[in-house]
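Asker: output the structure for:
(2 chains)
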2 protein chains.
Amino acid sequence: VSLIDIHSHVVPNGFPGPPSACTCGRWPSLEHRGGDRAAVVIGGRDFRAIDDRSWDVGRRVADMDADGISIQALSPMPELLSHWLDAASALEMAHHVNGAIAGMTAEAPGRLVGLGMVPMQAPELAARELERLKADGFAGIEIGSNINGLSPADPRFDVVYAEAERLGLAVFVHALKPLGTDRLVGPAGLEALIAFPVDTGLAVAGFITGGVLERFPRLRVAFSHGGGALSAILPRLASGWAGNEALRAAFPSPVETARRLFYDSLVYDPTTLRHLIGLFGASRIMAGTDYPYAIRQPDVGAWLDGADLTPDEAISIRGGTARRFLGL
Amino acid sequence: VSLIDIHSHVVPNGFPGPPSACTCGRWPSLEHRGGDRAAVVIGGRDFRAIDDRSWDVGRRVADMDADGISIQALSPMPELLSHWLDAASALEMAHHVNGAIAGMTAEAPGRLVGLGMVPMQAPELAARELERLKADGFAGIEIGSNINGLSPADPRFDVVYAEAERLGLAVFVHALKPLGTDRLVGPAGLEALIAFPVDTGLAVAGFITGGVLERFPRLRVAFSHGGGALSAILPRLASGWAGNEALRAAFPSPVETARRLFYDSLVYDPTTLRHLIGLFGASRIMAGTDYPYAIRQPDVGAWLDGADLTPDEAISIRGGTARRFLGL
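Answerer: Okay, here's the model as predicted:
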């Protein structure tokens, strides 16, 4: 079965200068550091050390071939999503990043699929951008697990989801600027490990309790990192819902809604993957790697082979679910 | 095997008036509402409708007998913990609530065990109170999953844990005033279902990455609601730790530390309980019900009987682990 990686990130090989309206301290730039190395610099500081795998299609496809990955979905490095910039600047960043992604997918037809970005902080503007993305061949968009602290399931984003549903565009929700960083104790470097799953879990919970799929039943929404903390929240939410008439009247079964959303497989631990299959079903889970970052799941195909999947589960998680999610 | 319920709550049958130093709007009062019914009123509003099971030992023991529970640990209704009051007022509340708990345990020797409260917002003061609790026969204390937004694993609470370790007092960390409430979407009533597990999970993560057990290796710390989101955070934290030399140098294996902490079984779903057993070990999990509240696990013994436990797992979770945690 052909393997599809739903979770990989792109940084363009360079950025335009900051637009005049922009809070320039938050507009990224790329600095080449010799050889294949580079850094994304934001506000005068290195945000992340990267290399040319972030934009080089030849190298990326060679890595995909080595890992047996037939198709990879490209989404922006989440920090590029720019939900915190003024809307005009975020739109300019979107055009630049989406252009880079479109260029990459055009270089490797059939191997790379684009998930673009839109200025979610201006929902009407974001919704209008979706038609352009559809025309340019994108399969969907990536958005943050919160939009400046607001749940992505907040009804003010309905205009985006209405248009995404109409156009058949998928929505990939990725952890970003999480809450809880003031609760971390210990060394630096814990935010992505501890606060990311928390923020993602709250985002999924919002889609469940906020009734987004009741309003947009054909909308396809996926969550990074196996839905983060959702797997631990869901049983308590389901039990509280079952025992509370007001909650039952407000939204449908949390477990049933959870099984209508999508999740990547990026949980590193086969036992946890099996737990997610039990909760969500293999038909909602898609291979994801976080390529090309250090925290990625190496050789995801071999990792899935070691996860004790039934043949049907393997077909779904290796690629069948992703084909449905991406609309391939 | 005798069944021990580690997670049940107490409200005293009445409160003194607010101390002069207190921000009175946050000092609770009890209003009897006829029959066995009452309400905890805070700031002029009903905080929670309760009944005399919150303080009536005879009724509580009869309920324990009906459910086959031999011993119940009594802890304050978390909202009484008063971490947000001035220290002197919190201490006065602690003396009142601890007195009520001590009175209840004295009424049913061998059936009820006390987990008291201390003013964690004043760590030196809290530490000094522990000796009195020990003398009064308490098995330990209950504290919030955050202390006014600060992780309970913050080193400024070391003075409390040092004294708890010295005296052999257990620490039960319970979800309280969680973060993430601004991320909830939908009807009222979701805070305890969604944000509680998130806050608890961050608290456990802090104990893991903050090295508390390295400083106090004999300290016994338990977390409510099966550790909340920790089960979903741990695999990612463990994977990131394994791949990062700076993290490996800063704290020991997250999985190994997680297996040195304690958790209650209050996850409602037998599959989730089995998942926690795989992660933490049955020797770290204790039956817990949240008696007498609506969200409680009814007939926890029958629920455990249906969870497909091995005989050894059943012995641990029904009471063996709790005996070690409580020091019985």
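Asker: low-confidence regions, chain A specifically.
Answerer: Across chain A, the ranges flagged by pLDDT under 70 are A:1, A:23.
Asker: mind listing the strands for it?
Answerer: Using DSSP state E, the strands of chain A run over residues A:3-10, A:29-32, A:37-42, A:45-51, A:69-76, A:112-116, A:140-144, A:170-174, A:221-223, A:262-264, A:285-286.
Asker: please point out which parts of the third one sit buried.
Answerer: Think strand A:37-42. Neighbour counts over strand A:37-42 (16 or more other Cβ atoms under 10 Å in any protein chain shown) mark A:A38, A:A39, A:V40, A:V41, A:I42 as buried. For the C-beta atoms, the positions are set from N, CA and C on the backbone; glycine is no exception.
Asker: buried ones in stretch A:200-216?
Answerer: Going by neighbour count (16+ other Cβ under 10 Å), the buried part of stretch A:200-216 is A:200-213, A:216.
Asker: make CSV out of the strands of chain A and add distance to B:H95.
Answerer: Converted to CSV, those look like this (distance: least, Cβ to Cβ, whole Å):
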stretch, distance to B:H95
strand A:3-10, 54
strand A:29-32, 60
strand A:37-42, 52
strand A:45-51, 50
strand A:69-76, 56
strand A:112-116, 58
strand A:140-144, 47
strand A:170-174, 48
strand A:221-223, 47
strand A:262-264, 49
strand A:285-286, 53
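Asker: distance to chain B added to the ones you listed, as CSV?
Answerer: Output for the strands of chain A, formatted as CSV (distance: least, Cβ to the nearest Cβ, whole Å):
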stretch, distance to chain B
strand A:3-10, 13
strand A:29-32, 23
strand A:37-42, 19
strand A:45-51, 14
strand A:69-76, 19
strand A:112-116, 22
strand A:140-144, 12
strand A:170-174, 13
strand A:221-223, 12
strand A:262-264, 11
strand A:285-286, 14
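Asker: so for B:L30, which of those sits nearest?
Answerer: Closest to B:L30 of those, according to Cβ to Cβ: strand A:221-223, at 43.2 Å.
Asker: what is the neighbour count of A:R218?
Answerer: 9 (other Cβ atoms under 10 Å in any protein chain shown).
Asker: tell me the contacts of it?
Answerer: A:E165, A:G168 (Cβ atoms under 8 Å, 6 or more residues apart in numbering or on different chains).
Asker: switch to 10 Å and redo it
Answerer: A:A164, A:E165, A:R166, A:G168 (Cβ atoms under 10 Å, 6 or more residues apart in numbering or on different chains).
Asker: and A:I277, by the same measure?
Answerer: A:Y263, A:S265, A:S283, A:R284, A:I285, A:A307, A:L309, A:T310, A:E313, A:S316, A:I317.
Asker: ok, which pair from those is furthest apart?
Answerer: Distance extremes for these: the farthest pair is A:Y263 and A:T310 at 18.0 Å, using Cβ to Cβ.
Asker: so between the two, which is more surrounded?
Answerer: Higher neighbour count among A:Y263 and A:T310: A:Y263, with 32 against 10, using other Cβ under 10 Å.
Asker: can you list the residues of the stretch 1-150 of chain A near chain B?
Answerer: Residues of the stretch 1-150 of chain A found near chain B (Cβ under 10 Å from any Cβ of the partner chain) are A:S145, A:N146, A:G149, A:L150.
Asker: would you map the helices across chain A?
Answerer: A:57-67, A:87-107, A:123-135, A:158-167, A:196-209, A:212-215, A:230-242, A:245-250, A:254-258, A:270-280, A:300-305, A:311-315, A:321-326 (DSSP state H).
Asker: need the ones you listed in JSON lines (columns: distance to B:F157).
Answerer: JSON lines is the format used below for the helices of chain A (distance: least, Cβ to Cβ, whole Å):
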{"stretch": "helix A:57-67", "distance to B:F157": "46"}
{"stretch": "helix A:87-107", "distance to B:F157": "41"}
{"stretch": "helix A:123-135", "distance to B:F157": "43"}
{"stretch": "helix A:158-167", "distance to B:F157": "43"}
{"stretch": "helix A:196-209", "distance to B:F157": "21"}
{"stretch": "helix A:212-215", "distance to B:F157": "40"}
{"stretch": "helix A:230-242", "distance to B:F157": "25"}
{"stretch": "helix A:245-250", "distance to B:F157": "35"}
{"stretch": "helix A:254-258", "distance to B:F157": "35"}
{"stretch": "helix A:270-280", "distance to B:F157": "30"}
{"stretch": "helix A:300-305", "distance to B:F157": "39"}
{"stretch": "helix A:311-315", "distance to B:F157": "45"}
{"stretch": "helix A:321-326", "distance to B:F157": "45"}
